[in-house]
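Participant: Got a predicted model here, sequence first, then my questions.
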Amino acid sequence: MLLGAALAGAAGIGFATNSTAAKVAYEGGTNPLTFLTLRSALAAILVLIIIVIVNRRSLHMPMRRRLAAFAIGGLLAVYSYGTLASIQFIPVALAILILYTFPLLTSIYTWVSGQERPTFLSVGALLVAFFGLVLALDIQGAALDLRGVGLAAMAALGLTTVIILNNRLVGDGDSQPITFHMMLSATIVFAVVIWIAGDFALPETLAGWTGFLIGPSAYAAAIVTVFIAISLAGPAPAAMSMNVEPVASLTFGFLILGQALSSLQILGAGLVIAAVVSLRLTDIRIPSAKMEKKP
C-alpha cells in the first residue's frame, strides 16, 4: 500500500517534470504538436512493451471496444494539447492547477447525471476550489492571458470527459490494452495534424533538446508507474498521492523556469489542492463504508 502510494507520488512528479520540460523545449524552438507527438509515441511504445513483453498479455479486444478506445484517444489528444499549449501563455503551475479541477468537474457530472447526491462536504469543496482558483489566477491582474486560461479549461473539461468515458469502457477489465490504443490514437492524431498544418519544429538549442527528450521520457515512465501504483495501492489512494503534481509544478516552475507566483496566488493554489484532496478522501471513505456495511 505505502509503496503504491509512493510510486503514484513519483508518477505525479514525472507528469510535472513533463510540463516543465515542455516549456523549456518551447523556448528552445519546438512547439506543442511536435512535443506531444513524441510524447504520445514514446508512451504507446513503453506501454506496448510492458503489456506484451513484460506481462505477456494480449492486445486483442472486441472491435467495438477497440474503436471506442481509439475515439477516447482522440479526446486525449485534445486535452493534452490544451494543457501543453496553455503553458505558452500562463505559468506552468497555473495551467496544471486548472487541469486538476477535473475531480470537481467529475463530481458535478455525477450530481447532474443522478449517480450521486451532492453532500455538504462536496459542495463546500467546490466553493472553496472556485474561490481558490480566483485567487490563484489573480483575475484582476493585468498579466493574465485568457488564451492560456481557456486552453487549460478546455484541457480540464477534456480530461473529465476522458475519465468518464474510460471508466465506462474499462469497467472491471484490464485498462492497459485500452491505454495503449488511446496513446496510439493520440499519436496518429498529432502526426496527421502536423502533416496537414506543416507545423513540425525540432528544438534549436541544447536546452531545448534537453527538455524535448526529458519531458516525453518522464511522461512515458509516469504512465507505466501509474499502472504499477494502482495495482499495489488501488485507484483511489493512487489518485490521492498523484495530487503532488500541482505542488511539484509550482516548485519546478519557480526553480527551473523562474515563474514565481505571489503569496495570494499560492494561497489560492493551496485552497484548490485542499478542496480536491477532500473529495479524494471522500472517494476513499465511501467504498470502505460500503464494505463495512456488507454482512
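Facilitator: Okay, I see it.
Participant: Where does pLDDT dip in this protein?
Facilitator: Residue ranges of the chain with pLDDT under 70: 1, 139-143, 172-173, 282-295.
Participant: Show me the helices in it, by range?
Facilitator: Using DSSP state H, the helices of the chain run over residues 2-27, 32-48, 63-86, 92-99, 102-112, 120-137, 146-170, 176-197, 206-233, 235-241, 244-255, 263-293.
Participant: Which one of those helices lies nearest to N55?
Facilitator: The stretch from the helices of the chain with the least distance to N55 (C-beta to C-beta) is helix 176-197; that distance is 7.5 Å. (Glycine included, C-beta is placed from N, CA and C.)
Participant: mind listing what's buried in that closest one?
Facilitator: 176-191, 194 (16 or more other C-beta atoms under 10 Å).
Participant: follow-up on the earlier one: for the helices of the chain, which one ends up most surrounded?
Facilitator: helix 92-99 (a mean of 28; mean count of other C-beta atoms under 10 Å).
Participant: Mind giving me the packing neighbours of it?
Facilitator: For helix 92-99, the elements it packs on are helix 2-27, helix 63-86, helix 120-137, helix 146-170, helix 244-255, helix 263-293, judged by 3 or more C-beta pairs under 8 Å, 6 or more residues apart in numbering; DSSP states H and E.
Participant: Tell me which other helices or strands the fourth one touches.
Facilitator: Just to be clear, that refers to helix 146-170. Judged by 3+ C-beta pairs under 8 Å, 6+ apart, helix 146-170 is in contact with helix 63-86, helix 92-99, helix 102-112, helix 176-197.
Participant: Relative to the whole chain's centre, how far out is the third one?
Facilitator: Right, helix 102-112. Here helix 102-112 is found 16 Å from its chain centre; the criterion is C-alpha atoms, centre = their mean, to the nearest Å.
Participant: ditto for the last one
Facilitator: The offset between the C-alpha centroid of helix 176-197 and the centroid of the whole chain comes to 16 Å, using C-alpha atoms, centre = their mean.
Participant: helices or strands next to it in the packing?
Facilitator: Packing partners of helix 176-197 (3+ C-beta pairs under 8 Å, 6+ apart): helix 32-48, helix 63-86, helix 146-170, helix 206-233.
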